[in-house]
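Visitor: Whatever this is, show me its structure:
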Amino acid sequence: MSNLYTYSSVNKRKTWFLMTGFFFFIIIVGYIFAAAMDAPEILPIAVIFSIAMAFISYWYSDKIVLSMSKAKEVDKGNGRELYRLVENLCIAAGLPVPKIYIIEDASPNAFATGRDPEHAAIAVTSGILGKLEKSELEGVIAHELSHIGNRDILISTIATVLVGIVVLLADWFRHWSFFGGRSRNNDNNNNGQIGMIIAVIAIILSILAPLFAQLLNLAVSRKREFAADADAALLTRYPEGLARALEKISNNQPSLKNVNRATAHMFIVSPLKGKERGESVSWFAKLWMTHPPVEERIAKLRG
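Guide: Residues are numbered from 1 along each chain as shown. You can find the predicted model right below:
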């Protein structure tokens, strides 16, 4: 039976299993598209281009997100209490103290960013500082530190790369098909029949593959949230603090001023109002969520 001491490691294994499946999915999709287009060079070109774009986002995404959120850095001088709280948890977690930012917004929320523990940042809203008790805020900060310690930003970046490759391949194939692309093998009768079958499979994949890729990406994101919740509970030794914090954040959620769907997955609770609430959320709706339903997260912490 799973508990807080095993849940994190279980979810890490599941995440890497999903990522491995993701890689195989990319290879299969790329192979079928390349075969249908009779252009084996397409796959490596798409992969190189996507990785180059991901490399740029990996190094600069934290600055971009913090700028979009209008976050302002604080230190021991102008944010003494928050700094000490983060510092104490970092000592317990064996992590360097990340840069700390405050977003002037009444909506309670928080996120972590940065490519590794040495280049990390935590941002919290002014709303969360005013609405949470110390033990609840510790649970939230511990959750974000767990994302940093587990290198979830790296995993998120890899997943984004893979989704980008699938979308790029699908777009190229649809454009190729639209402009009358045809395999050179079609001149031979037998090869022509095989080519037609591959082309039909490729057309179907060009429509469905981006959806499947996004579903895998969202599944990885949800697993990381469960793992970070479990790690935070282990770090603070008080799961009820994080559970209460999740309740308050999800029940008191005016929309954040500077947020969009591209950054929503980074926050501890989705800032897109109404996207996670409700025990009656269908299994199909859950597939498209960046976060697990809050009720499930709270139940696991209290279970």
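
Visitor: Give the full set of residues in contact with the most centrally placed residue in the chain.
Guide: Centroid check for the chain by Cα atoms, centre = their mean gives residue 221 as the closest residue, at 4.1 Å. By Cβ atoms under 8 Å, 6 or more residues apart in numbering, residue 221 lies in contact with 156, 159, 265, 290, 291. To be clear about C-beta, it is placed using only N, CA and C from the backbone, and glycine gets the same treatment.

Visitor: now do residue 83
Guide: Applying Cβ under 8 Å, 6+ apart, the residues near residue 83 are 74, 75, 76, 97, 100.

Visitor: Put the buried members of these into a ChimeraX selection.
Guide: In ChimeraX, this line selects whichever of the contacts of residue 83 come out buried by 16 or more other Cβ atoms under 10 Å:
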select :74,97,100
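
Visitor: export the contacts of residue 83 to JSON lines and tack on pLDDT and secondary structure?
Guide: Output for those, formatted as JSON lines (pLDDT from 0 to 100; DSSP: H, G, I helix; E, B strand; the rest coil):
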{"residue": "74", "pLDDT": "94", "secondary structure": "strand"}
{"residue": "75", "pLDDT": "89", "secondary structure": "coil"}
{"residue": "76", "pLDDT": "88", "secondary structure": "coil"}
{"residue": "97", "pLDDT": "96", "secondary structure": "coil"}
{"residue": "100", "pLDDT": "97", "secondary structure": "strand"}
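
Visitor: from the contacts of residue 83, which two are the most distant?
Guide: 74 and 97 (12.0 Å; Cβ to Cβ).

Visitor: Now do the strands in the stretch 51-200 of the chain.
Guide: Using DSSP state E, counting those that start in this stretch, the strands found in the stretch 51-200 of the chain span residues 72-74, 99-103, 110-114, 120-125.

Visitor: wait, which of those strands is closest to residue 257?
Guide: strand 99-103 (8.7 Å).

Visitor: ok, that closest one: who's next to it in the sheet?
Guide: Sheet pairing for strand 99-103, assigned by DSSP bridges, gives strand 72-74 (antiparallel), strand 120-125 (parallel).

Visitor: Is it possible to get those strands out as a markdown table so that each row also shows distance to residue 110?
Guide: Shown next, in a markdown table, are those (distance: least, Cβ to Cβ, whole Å):
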| stretch | distance to residue 110 |
| --- | --- |
| strand 72-74 | 13 |
| strand 120-125 | 4 |
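
Visitor: Buried deepest among those strands, which one?
Guide: For these, the largest average neighbour count (mean count of other Cβ atoms under 10 Å) is found in strand 120-125, namely a mean of 24.

Visitor: And the contacts of that one?
Guide: For strand 120-125, using Cβ under 8 Å, 6+ apart, the contacting residues are 62, 66, 69, 71, 82, 86, 96, 98-114, 137, 140-141, 144-145, 148, 153, 256.

Visitor: all helices of the stretch 201-303 of the chain, in order?
Guide: 239-251, 283-287, 294-302 (DSSP state H, counting those that start in this stretch).

Visitor: Quickly, which of those bottoms out on average pLDDT?
Guide: Mean pLDDT is lowest for helix 283-287 among those, at a mean of 74.

Visitor: Run through the neighbouring helices and strands of it.
Guide: Packing partners of helix 283-287 (3 or more Cβ pairs under 8 Å, 6 or more residues apart in numbering; DSSP states H and E): helix 189-236.

Visitor: Distance from the chain centre to the helix it packs on, please.
Guide: Relative to its parent chain, helix 189-236 has a centroid offset of 14 Å by Cα atoms, centre = their mean, to the nearest Å.

Visitor: quick one: that helix to helix 294-302, angle?
Guide: Orientation of helix 189-236 against helix 294-302 (axes from the mean of the first three to the mean of the last three Cα atoms, to 10 degrees) gives an angle of 50 degrees.

Visitor: about what we covered before: out of the helices of the stretch 201-303 of the chain, which comes closest to residue 233?
Guide: Closest approach to residue 233 among the helices of the stretch 201-303 of the chain (Cβ to Cβ): helix 239-251, 3.7 Å.

Visitor: would you put the C-alpha positions of the closest one in CSV?
Guide: Coordinates of each C-alpha in helix 239-251 appear next as CSV, following Å, rounded to 0.1, in the frame of the first residue of the first chain:
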residue,chain,number,x,y,z
PRO,A,239,1.0,17.1,5.5
GLU,A,240,-2.0,18.8,7.0
GLY,A,241,-0.3,22.2,6.4
LEU,A,242,-0.1,21.7,2.7
ALA,A,243,-3.6,20.1,2.6
ARG,A,244,-5.1,23.2,4.3
ALA,A,245,-3.1,25.5,2.0
LEU,A,246,-4.5,23.7,-1.1
GLU,A,247,-8.0,24.1,0.2
LYS,A,248,-7.6,27.8,0.8
ILE,A,249,-5.9,28.5,-2.5
SER,A,250,-8.5,26.6,-4.5
ASN,A,251,-11.5,28.0,-2.6
